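Colleague: no sequence for this one, just the structure:
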């Protein structure tokens, strides 16, 4: 009978550990999401600030006008090639860093 009791106690202890680990896992997931949101917000603010510093007239545009401006300038073949080139440079640098 005593052996059964210790087995039950061990099982309950393990189940409690599982609950605690699951709670910790959920907290870590929540923390990761919050860190991702914070990083995205910071990135968007920095890039928006940079864009407005380069295009001060854009400040007075409506959202629709600004979107149309971006589409007409950034969705060109030239812009696509430029972006592809920058992306390729970044990937090349990342590969060099991995090799070192």
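Modeller: Thanks, I have it. Here the structure is a predicted model, which means the values were calculated and not measured.

Colleague: How many residues are close by the spatially closest residue to residue 79 that is not a sequence neighbour?
Modeller: Setting aside the residues directly before and after it, residue 79 is nearest to residue 73 in space (Cβ to Cβ, 6 or more residues apart in numbering), at 6.7 Å. Just so you know, the C-beta spots here come from the backbone N, C-alpha and C atoms, and that holds for glycine as well. For residue 73, the neighbour count with other Cβ atoms under 10 Å is 11.

Colleague: same check, this time on residue 51
Modeller: Using other Cβ under 10 Å, residue 51 has 13 other residues around it.

Colleague: residue contacts, it?
Modeller: The contact partners of residue 51, by Cβ atoms under 8 Å, 6 or more residues apart in numbering, come to residue 58.

Colleague: now the helix or strand residue 73 falls within, how far from the centre of its chain.
Modeller: Assigned by DSSP states H and E, residue 73 belongs to helix 63-74. Relative to the centre of its chain, helix 63-74 is centred 25 Å away, using Cα atoms, centre = their mean, to the nearest Å.

Colleague: ok, so what distance separates the residue nearest to residue 79 from residue 24?
Modeller: Distance, residue 73 to residue 24, using Cβ to Cβ, to the nearest Å: 48 Å.

Colleague: and if you look at residue 79?
Modeller: Note on residue 79: its distance to residue 24, by Cβ to Cβ, is 46 Å.

Colleague: Same check on residue 5?
Modeller: Applying Cβ to Cβ, the value for residue 5 to residue 24 is 29 Å.
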